[in-house]
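[1] Just the structure for this:
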Amino acid sequence: MPASFKGDSKQAAKVSVEDVSIPLESQGRGDIADFIREAGAEDGVDIEVTGEDNKRILRRIDMYLMPLMCVTYIIQYIDKSALNYAAVYGLQSDLGLHGNQYSNLTTLFYVGYLIAEYPLAYVAQRFHLRYVLSIVAFLWGWVMMAAALCENYRGIAAQRFFLGCLECIITPIFVLVTGMWYTRKEQPLRIGIWYSMNGVGQMCAGAISVGLGRIHHNNIPSWKWLFILFGGVTVLWSIVLFWFFPSSPMNSRWFSKQDAVRALLRVKANNTGVIDHKIKISQIVDAFNDVQTYMIFMIVLLVSITNGIANFKGLITKQLGYNNEESAAFSVSLGASQVFWMTLFSYLTTVWNNSRLWLSMIALIPTLVGLLLQLLLKKAQGKIKLLGLHFILSYVTTSSLALGLPAQNCAGYTKRTTVSALAFLAYSAGNMIGPQAFLPGQDPAFFTGIMTCIGCIGGICVLCPLLRFYYMWQNRQRDAAKAAGNVRETADFADETDRENPNFRYVL
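    Below you'll find the predicted structure:
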């Protein structure tokens, strides 16, 4: 029986998704229920989601939403990492940086990230995502261009801090948006695709910086042109986001109301809710009382500390005997490696069911090999050490899968926002700690930094099985309760947490 939405708020209907009937009750679901009833009344016929509809709508979401997220992620990575390319072209000497000051610039970016993360997450829940995202992008573009005005350490330090304050919300918003538009089975691959744009951004920035490195106009150093160009592009892209980025399926420009309903019904089985602008204190409490919150936090923290090596890739290649242009050009191949690892492991999550946490550990094996090559080989064996840098980058897959867990295993919009925000607090804290382990005078081997990364990998390989066993235990408890007939019915699109909803099952 196809779904009927003709204005009766108490009506229970069935919706066929992938040709399997799923009961739907629209009563009491606030904005979503009203939207579904209005769409049915306007259409005048029953609304159903067939297997063909599902494929068509998924293609349309991929066609319109994914490019917006991917380009934005390329831009944010280029802007965030512009400091690395600027260092190759003389930023440190021009600004008189010495000692740990260069490392501190990376740390200050994540200090801003840490401070602004939760306040901006609150803003993102209260207001339309389109407005929040476009305004933040507009402001950080101007902050990027302001770097060209910096004349000393204090100036560039302030610029990095405020850039971190603004960029901090991009990935959390994208994690929530992916959970809003895609089923839990579809999410890891999509998160992997837009997260792999870090690699595409690295390829683009490396290629562009080679060209900009040859510009010496009116005595303006090459590194300043990097910030001017990258910041200007960001400001222009913010206008595109303002006009085209959807805050939710209910206000998308590229769906009719009926197809927007179908987009909502597609993700109904996630049992994680779609969007709710009301902040619920009970869900915040639930997040802090849930053991998975702390395990996700620790996994993200440890993999983010490992990310400390990312800020020194350019310096490592330069100190192995390569010139500025060669070091910048080499980053293009490193970006391609990052895309390769992300694509490989994200695809494996779609063909290997309930494999997220196992793959999070397996992805660290190439990283460990690459780190050991940096540690054990001599400078004269530079080509093999450079190959090792390509292996190291496989850890980004672990970061992607861990950061996606709140969207897949935390239900209730406020809880999901809270756990996601805490995960990104761990992300920022780890990225603050990581660069400090790479001490001046130890280059290009960076013994302390590499040993720190190896220790973090060991910690992740302990936490991932523990979290997986916790999820399995919870699922078995719920399956047993359902088999005994002790499970209540839950309303569709109900904004309940995963611990409140007995029909919720964790993905592994």
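
[2] how close does the residue nearest the centre of the chain get to residue 256?
    By C-alpha atoms, centre = their mean, the chain has its centre lying nearest to residue 171, at 3.9 Å. For residue 171, the distance to residue 256 equals 31 Å [C-beta to C-beta, to the nearest Å]. Every C-beta, even on glycine, is put in place using the N, C-alpha and C of the backbone.

[3] Likewise for residue 79?
    Distance from residue 79 to residue 256, by C-beta to C-beta: 36 Å.

[4] list the buried ones in stretch 389-408?
    389-408 (16 or more other C-beta atoms under 10 Å).

[5] Could you pull up phi and psi at residue 133?
    phi -70, psi -40 (degrees, to the nearest 10).

[6] which residues sit in contact with it?
    72, 169-170, 173, 241, 245 (C-beta atoms under 8 Å, 6 or more residues apart in numbering).

[7] got it, and residue 178?
    With C-beta under 8 Å, 6+ apart, residue 178 has these contacts: 69, 187, 190-191, 194, 404, 407.

[8] pLDDT score assigned to residue 44?
    What the model reports as pLDDT for residue 44 is 41.

[9] Can you identify each of the strands in the chain by residue range?
    For the chain, the strands defined by DSSP state E occupy 12-17, 20-25.

[10] shouldn't residue 192 be in contact with residue 398?
    No. Contact criterion C-beta atoms under 8 Å: residue 192 and residue 398 do not qualify, at 11.4 Å.

[11] What number of residues are in the vicinity of residue 474?
    18 (other C-beta atoms under 10 Å).

[12] Leaving out the residues flanking it, which one is nearest to it?
    Spatial nearest neighbour of residue 474, chain neighbours left out: residue 506 (5.8 Å); criterion: C-beta to C-beta, 6 or more residues apart in numbering.

[13] Spit out the contact partners of the spatially closest residue to residue 300 that is not a sequence neighbour.
    Spatial nearest neighbour of residue 300, chain neighbours left out: residue 426 (4.1 Å); criterion: C-beta to C-beta, 6+ apart. Neighbouring residues of residue 426 by C-beta under 8 Å, 6+ apart: 296-298, 300-301, 304.

[14] Residue 426 and residue 165: what is the separation?
    17 Å.

[15] same question, residue 64
    From residue 64 over to residue 165 (counting by C-beta to C-beta), the distance is 29 Å.

[16] Comparing these two, which shows the higher neighbour count?
    It is residue 165, of residue 64 and residue 165, that has more neighbours when counted by other C-beta under 10 Å, with 23 against 16.

[17] these two touch, right, the more buried one and residue 119?
    No. The criterion here is C-beta under 8 Å, and residue 165 misses it with residue 119 at 9.2 Å.

[18] Now do the helices in the stretch 51-200 of the chain.
    51-88, 91-94, 101-126, 129-146, 153-167, 170-181, 187-195, 197-212 (DSSP state H, counting those that start in this stretch).

[19] out of the ones you listed, nearest to residue 476?
    helix 187-195 (22.8 Å; C-beta to C-beta).

[20] Which one's more surrounded, residue 79 and residue 256?
    Applying other C-beta under 10 Å to residue 79 and residue 256 shows that residue 79 carries more neighbours, namely 26 against 12.

[21] hang on, the earlier thing: for the strands of the chain, which has the smallest mean pLDDT value?
    Among the strands of the chain, strand 20-25 scores lowest, at a mean of 35.

[22] rewinding a little: now, among the contacts of residue 426, which is nearest to residue 101?
    residue 304 (21.6 Å).

[23] confidence score at the nearest residue to residue 71 once chain neighbours are set aside?
    Among residues not flanking residue 71 along the chain, residue 237 sits closest, at 6.8 Å (C-beta to C-beta, 6+ apart). On pLDDT, residue 237 comes in at 96.

[24] what do you get for residue 443?
    pLDDT, read off for residue 443, is 62.

[25] Residue 116 and residue 166, how far apart?
    Counting by C-beta to C-beta - residue 116 and residue 166 are separated by 7 Å.

[26] Which one of those two is surrounded by more residues?
    Taking other C-beta under 10 Å, residue 116 and residue 166 do not tie; residue 166 has more neighbours (24 against 21).

[27] Am I right that that one is in contact with residue 138?
    No. When contacts are counted by C-beta under 8 Å, residue 166 is not listed as touching residue 138 (9.4 Å).
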